[in-house]
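A.B. asks: no FASTA, just this:
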């Protein structure tokens, strides 16, 4: 299972996303770190999750209340914990996201974790929500 910063179980096996409520920390269990568990050398490791799904709160609903300086914890498949601090909060209209993709999700620049969800006004159709929330976190 993924583990929160305090060691508590958050109930998601490696490769799945989990939400940690109330303490400003997000825990993500996933196999995203390259080269046998060492931190990626550069670029973005991107995670996308639902804000809600079929009437239930989704794993990334908390991105809408995240704050600069908040924590992001990643637990890899070997159980190693990686900690990040939120450095950017970006709300972008879905129509504008493609023009921002290289800046937000690109593989150049220092290593960072990028968490993405949807939100704002529900417009339906293939767009669903009108906006995306993008949270960028740097190694702590």
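C.D. replies: Structure received. Values in this document were obtained by computation on a predicted structure and should not be read as measured data.

A.B. asks: contacts and neighbour counts: CA atoms only from here.
C.D. replies: Will do.

A.B. asks: residue at max distance from the center of the chain?
C.D. replies: residue 125 (24.4 Å; CA atoms, centre = their mean).

A.B. asks: Tell me who's in contact with that residue.
C.D. replies: When the contact criterion is CA atoms under 8 Å, 6 or more residues apart in numbering, residue 125 has no partners at all.

A.B. asks: does residue 121 really touch residue 132, like I thought?
C.D. replies: No: here residue 121 lies out of contact with residue 132, judged by CA atoms under 8 Å, at a distance of 10.5 Å.

A.B. asks: Looking at the two, which is more packed in?
C.D. replies: Taking neighbours as other CA atoms under 10 Å, residue 121 and residue 132 compare with residue 132 leading, 21 against 10.

A.B. asks: Disregarding residues adjacent in the polypeptide, which is nearest to the more buried one?
C.D. replies: residue 118 (4.3 Å; CA to CA, 6 or more residues apart in numbering).

A.B. asks: And residue 93, by the same measure?
C.D. replies: Nearest residue to residue 93 in three dimensions, chain neighbours excluded: residue 131, at 4.3 Å (CA to CA, 6+ apart).

A.B. asks: residues contacting the one you found?
C.D. replies: Applying CA under 8 Å, 6+ apart, we find residue 131 in contact with 91-94, 118-121.

A.B. asks: and the gap between the closest residue to residue 64 other than its chain neighbours and residue 87?
C.D. replies: Computed as CA to CA, 6+ apart, the closest residue to residue 64 that is not its neighbour in sequence is residue 133, at 6.8 Å. Residue 133 sits 14 Å away from residue 87, going by CA to CA, to the nearest Å.
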